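can you look at this prediction? I've put the sequence above it.
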Amino acid sequence: MPAPAVQRTALITGADSGIGRATAVRLAEAGLDIGITWHADEKGAEETAREVRAHGRRAAVAQLDLTRLPEAADTVDRLCDELGRIDVLVNNAGTGTMTPFLDLTLTDVRRVLDVDLVGPFLLGQRAARRMIRQGDGGRIVNVTSVHEHQPRVGAAPYCAAKGGLGLLTQVMALELAEHGITVNAVAPGEIATPMTGQEDTDVHTERRPGVPLGRPGDAREVAAVIAFLAGPDASYVTGASWSVDGGMLRMGPQAGSHLTSDDWRRP
């Protein structure tokens with residue numbers, strides 16, 4: 001008699017809203033049980049869990065504060081124990097600052113680096129060790145930003161952390177490949193989420209002249225790319241950074257969200 005199919009499980013940090021919630025729902029639709037973490041919005045996390053369960057999948061919820069390292073990484077083990085295993089880790093939780101370089105404090109810098117870089121590093125270690133013990137590979141997706149690749153004035157710690165996470169992704173991909181674990185980055189541009197003050201926005205009604213596609217992105221458009229990287233069709237994809245930005249990066253370091261006219265479209 002063949003062995004029963006293994007029920008795949010994903011852990012998504014910062015899944016109480018925005019890209020995290022959209023990813024949790026998308027992966028639940030694909031048949032995965034979901035571990036959900038939240039930092040300040042427990043109600044939002046429970047709403048995500050409700051949506052996951054509506055698709056017939058299990059959901060486990062836990063608070064995660066990535067400024068409390070290294071103990072915050074224990075959350076991975078708690079959720080894995082509750083759900084039974086881990087096949088996909090999506091490092092989505094993040095934070096930033098819009099403080100000029102000369103005005104930054106060490107506390108500001110450390111907070112952003114811990115949440116956006118050191119935290120994903122430690123969570124990735126915990127998840128990868130679990131995947132290796134399970135013996136059947138896995139997927140890790142690190143959500144970076146277009147600022148993994150290009151700078152932005154006022155966002156020095158954020159750019160440093162996201163750039164670091166992009167290179168960390170590449171090293172992880174090289175070192176974990178022998179275990180059947182793929183590691184990729186997804187680099188969103190301007191996405192309509194609570195983080196950008198655009199929750200529940202219809203992106204097709206918003207005008208962004210500096211973005212070639214002319215609008216911000218929807219969290220579900222990012223989730224679709226994450227779901228591809230987490231699924232069987234991406235089995236030969238590792239160490240790459242996938243921009244989901246409406247073409248913003250092709251416009252140069254800061255043009256996307258700063259241009260106010262379509263003059264650039266004409267030679």
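Okay, I see it.

would you map the strands across the stretch 151-267 of the chain?
Secondary structure of the stretch 151-267 of the chain (DSSP state E, counting those that start in this stretch): strands at 181-188, 191-192, 217-218, 241-244.

most packed of these?
Greatest average neighbour count among the strands of the stretch 151-267 of the chain goes to strand 181-188 (a mean of 26), per mean count of other C-beta atoms under 10 Å. Glycine gets a C-beta too; all of them are placed from N, C-alpha and C.

contacting residues for residue 233?
By C-beta atoms under 8 Å, 6 or more residues apart in numbering, residue 233 lies in contact with nothing.

thinking again about what came up before, among the strands of the stretch 151-267 of the chain, which is nearest residue 70?
strand 181-188 (20.3 Å; C-beta to C-beta).

what pLDDT, on average, does that closest one get?
Here strand 181-188 scores 98 as its mean pLDDT.

tell me the strands beside it, with direction?
strand 138-143 (parallel), strand 241-244 (parallel) (DSSP bridges).

ok, back up a step: now distance to residue 58 too, for the strands of the stretch 151-267 of the chain, in a markdown table please.
Converted to a markdown table, the strands of the stretch 151-267 of the chain look like this (distance: least, C-beta to C-beta, whole Å):
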| stretch | distance to residue 58 |
| --- | --- |
| strand 181-188 | 23 |
| strand 191-192 | 27 |
| strand 217-218 | 26 |
| strand 241-244 | 28 |
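
ok, which of the ones you listed comes nearest residue 73?
Nearest of those (C-beta to C-beta): strand 181-188, 16.9 Å.

ok, now how distant is residue 67 from residue 36?
19 Å (C-beta to C-beta, to the nearest Å).

ok, those two, which is more surrounded?
It is residue 36, of residue 67 and residue 36, that has more neighbours when counted by other C-beta atoms under 10 Å, with 27 against 14.

give me the number of residues near the closest residue to the more buried one other than its chain neighbours?
Leaving out its chain neighbours, the residue that sits closest to residue 36 by C-beta to C-beta, 6 or more residues apart in numbering is residue 15, at 4.2 Å. Neighbours of residue 15 under the rule other C-beta under 10 Å: 32.

ends of stretch 68-78, what's the gap?
16 Å (C-alpha to C-alpha, to the nearest Å).

would you mark the buried spots in it?
Under the neighbour-count criterion of 16 or more other C-beta atoms under 10 Å, stretch 68-78 has 72-73, 75-76 buried.

now stretch 51-65
Those would be 51-52, 55, 57-62, 64-65, for stretch 51-65 by 16+ other C-beta under 10 Å.

what's the most distant pair in those residues?
55 and 65 (28.0 Å).

can I get the CA coordinates of stretch 162-173 in PDB?
Provided in PDB are the C-alpha atoms of stretch 162-173 (Å, rounded to 0.1, in the frame of the first residue of the first chain):
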ATOM      1  CA  LYS A 162      16.900  44.600   2.100                       C
ATOM      2  CA  GLY A 163      20.100  44.700   0.100                       C
ATOM      3  CA  GLY A 164      21.600  42.400   2.700                       C
ATOM      4  CA  LEU A 165      18.700  40.100   2.600                       C
ATOM      5  CA  GLY A 166      19.000  39.800  -1.200                       C
ATOM      6  CA  LEU A 167      22.600  38.600  -0.900                       C
ATOM      7  CA  LEU A 168      21.800  36.400   2.100                       C
ATOM      8  CA  THR A 169      19.200  34.800  -0.200                       C
ATOM      9  CA  GLN A 170      21.800  33.900  -2.700                       C
ATOM     10  CA  VAL A 171      24.200  32.400  -0.100                       C
ATOM     11  CA  MET A 172      21.300  30.400   1.400                       C
ATOM     12  CA  ALA A 173      20.400  29.100  -2.100                       C
END
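
which of the residues in that stretch are buried?
Those would be 162-166, 168-170, 172-173, for stretch 162-173 by 16+ other C-beta under 10 Å.
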